[in-house]
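1. Would you be able to build a 3D model of this:
(one chain, ligands or ions: 1)
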Amino acid sequence: MHLDAQIADLAARYGALDGADLLRAVIHEAFPGRIAVVSSFGAEAALGLAMVAEVDPATPVIFLNTRKHFPETLAYRDALIARLGLTDVRSVEPDPSAIAGADPDGLLWQRNPDACCYLRKVVPLEESLHGFAAWVTGRKRVHGGSRTALPTLEHDGRRVKINPFARWSQSQIDHAWQARDLPEHPMIPFGYTSVGCMPCTREPVPGGGRRSGRWAEFGKTECGIHGQTWDGGSGGGI
Ligand code: SF4
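-> Okay, the predicted model is just below:
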């Protein structure tokens with residue numbers, strides 16, 4: 001089925017669902033064995049991962065280990081995996097030979113952050129999603145910017161993308177988080193509200209949104225994995 005028709009069909013069946021209800025539907029009914037969750041194990045990731053674990057802890061979870069993460073994020077990843085009982089978390093790394101060729105000094109993020117994200121995130125993600133028909137992200141409209149009109153169901157040109165929290169308010173997120181007594185990311189006490197790679201993450205700018213500290217000095221707001229149709233065009237992680 002063409003992806004647009006597939007989205008229309010999914011919307012007719014599951015368009016009213018969000019959160020764990022939508023996760024349960026897509027993991028068990030729509031894409032059994034053919035769906036992966038992509039997670040940064042960042043500031044808000046624990047809630048979506050907890051719900052995935054409640055639905056099926058064996059759901060594949062892809063973590064893009066760019067080799068530029070805070071050590072605290074890697075420790076948080078390991079602690080969450082143990083706490084939630086996730087059994088199929090795949091830490092995906094960029095190809096070392098590609099890094100040696102395109103980013104030998106590790107400073108590509110400074111010279112060309114789009115190229116760095118492509119090398120360390122976009123390409124490894126596409127390779128890791130091979131064989132999957134759908135993937136789940138943790139993006140939300142409350143993040144603002146290009147996410148303010150985010151649908152719960154979309155596609156990237158190759159696969160269905162599901163955003164179970166797109167329509168959730170901050171109070172819904174906070175309530176569900178507190179109900180599960182989830183641990184906060186270890187960088188939160190240092191003032192971070194969104195946590196990505198270490199060189200490209202700062203505290204949020206005064207008056208800015210939760211993600212305003214990401215690539216703050218570059219005028220860049222997304223890493224590229226959500227603006228890529230995989231054929232090189234630009235179109236349409238928990
Ligand atoms: S977020 Fe920064 S360090 Fe990480 S892949 Fe993108 S440009 Fe590179």
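2. okay, CA-based contacts and neighbour counts for the rest of this
-> Noted.
3. who's in contact with the lengthiest helix in the chain?
-> Identified as the longest helix of the chain according to DSSP state H is helix 71-84. Helix 71-84 is contacted from outside by 41-42, 46, 49-50, 53, 57, 87, 89, 185-187, using Cα atoms under 8 Å, 6 or more residues apart in numbering.
4. And the strands in the chain, which stretches?
-> 35-38, 61-64, 89-92, 134-136, 153-155, 160-162 (DSSP state E).
5. any weak-confidence spans in this protein?
-> Along the chain, the model assigns pLDDT under 70 to residues 213, 215-216, 218, 220, 222-224, 227-237.
6. Residue numbers of it in contact with the ligand?
-> 66, 68, 109, 113, 116-117, 120-121, 197, 199-200, 223 (Cα under 6 Å from any ligand atom).
7. ranking those residues by neighbours, who comes first?
-> Within those, most neighbours by other Cα atoms under 10 Å means R120, with 25 neighbours.
8. tell me the contacts of it?
-> So R120 contacts 64-66, 93-94 (Cα under 8 Å, 6+ apart).
9. gap between R167 and K140?
-> R167 sits 7 Å away from K140, going by Cα to Cα, to the nearest Å.
10. Quick check: neighbours shared by the two?
-> L150.
11. re the thing from before, what's the closest of the strands of the chain to R214?
-> With Cα to Cα as the measure, strand 61-64 is the member of the strands of the chain nearest R214 (16.6 Å).
12. what sits up against that closest one?
-> 36-41, 88-93, 120-121, 124-125, 128.
13. one step back: would you list the strands of the chain in a markdown table and tack on mean neighbour count and distance to L10?
-> Formatted as a markdown table, the strands of the chain follow (neighbours: other Cα atoms under 10 Å; distance: least, Cα to Cα, whole Å):
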| stretch | mean neighbour count | distance to L10 |
| --- | --- | --- |
| strand 35-38 | 24 | 14 |
| strand 61-64 | 24 | 22 |
| strand 89-92 | 16 | 26 |
| strand 134-136 | 25 | 12 |
| strand 153-155 | 20 | 8 |
| strand 160-162 | 23 | 10 |
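14. Let me know how buried Q178 is, in neighbour terms.
-> The tally of other residues near Q178 (other Cα under 10 Å) stands at 12.
15. Over to T137?
-> 22.
16. Tell me which residues touch it, please.
-> T137 sits next to 37-39, 161-164, 237-238 when contact means Cα under 8 Å, 6+ apart.
17. Okay, it and V37: tell me how far apart.
-> With Cα to Cα as the criterion, T137 and V37 are 6 Å apart.
18. again with M198
-> 22 Å.
19. likewise D21?
-> 15 Å.
20. N112 now?
-> Per Cα to Cα, N112 is found 28 Å from V37.
21. what does D4 give?
-> D4 is 21 Å from V37, by Cα to Cα.
22. Over to L10?
-> Using Cα to Cα, we find L10 at a distance of 18 Å from V37.
23. Likewise for R13?
-> Distance from R13 to V37, by Cα to Cα: 21 Å.
24. Closest one to the ligand out of the contacts of helix 71-84, please.
-> Ranked by distance to the ligand (Cα to the nearest ligand atom), the contacts of helix 71-84 are led by G42 at 12.3 Å.
25. Now the residue nearest to that closest one when sequence neighbours are not counted, what are its backbone angles?
-> Closest residue to G42 apart from its sequence neighbours, by Cα to Cα, 6 or more residues apart in numbering: V195 at 5.1 Å. Phi and psi for V195, reported as degrees, to the nearest 10, are phi -120, psi 120.
26. My read is that V195 contacts A45, right?
-> No - with contacts counted by Cα atoms under 8 Å, V195 stays clear of A45, the gap being 9.9 Å.
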